[in-house]
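Undergrad: Turn this into a structure:
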Amino acid sequence: MSGSGPMNVFDIAGRAMSAQLVRLNATASNMANAGNVTGSEAEAYRAIKPVFQSVTDKPGVSTVKVANVLTTDAKPTKRHDPNHPLADQNGDVWEAAVDSSAELVDMIETARMYQNNVQVLNTAKSLMLETIRIGK
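TA: The predicted structure follows:
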């Protein structure tokens with residue numbers, strides 16, 4: 001059964017954690033830009049999302065990596081605010097295309113997945129230490 005074993009557990013969980021960190025950073029960027037206003041639709045911030053890709057290094061062992069981080073095609077919200085310093089000639093501004101509620105849900109889900117992988121690593125470490133202790 002070559003290719004399996006404790007090092008794979010650490011590798012798989014580590015890669016999953018790295019991918020979740022990218023996802024968490026994207027969510028943080030989206031949340032930081034939520035509510036931002038610009039003077040044109042083209043300049044308005046649009047939410048970003050990582051694209052995950054399954055990777056099979058060894059037969060039967062799949063991990064995940066971030067293939068890309070894409071800008072979503074969400075539409076900024078036009079708002080009539082003629083007194084805003086960034087308003088265009090029509091008195092309109094555009095709010096960033098970020099769904100704060102969806103981003104919060106994403107953040108919670110990502111944090112849970114990350115924590116699950118931490119638990120996997122802790123369990124694997126405990127089992128290895130116990131195996132070493134028994135072997136003495």
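Undergrad: Which strands and helices lie in contact with the helix or strand encompassing Asn116?
TA: Using DSSP states H and E, Asn116 falls within helix 100-135. Judged by 3 or more Cβ pairs under 8 Å, 6 or more residues apart in numbering; DSSP states H and E, helix 100-135 is in contact with helix 6-33. Using the backbone N, CA and C atoms, a C-beta is placed for each residue, glycine as well.
Undergrad: and the helix it packs on, which residues are buried?
TA: For helix 6-33, burial by neighbour count (16 or more other Cβ atoms under 10 Å) applies to 8-9, 12-13, 15-20, 23-24, 26-27, 29-31, 33.
Undergrad: Stretch 86-98 too?
TA: Neighbour counts over stretch 86-98 (16+ other Cβ under 10 Å) mark Ala87, Asp92, Val93, Trp94, Glu95, Ala96, Ala97, Val98 as buried.
Undergrad: now do stretch 112-120
TA: Met113, Tyr114, Asn117, Val120.
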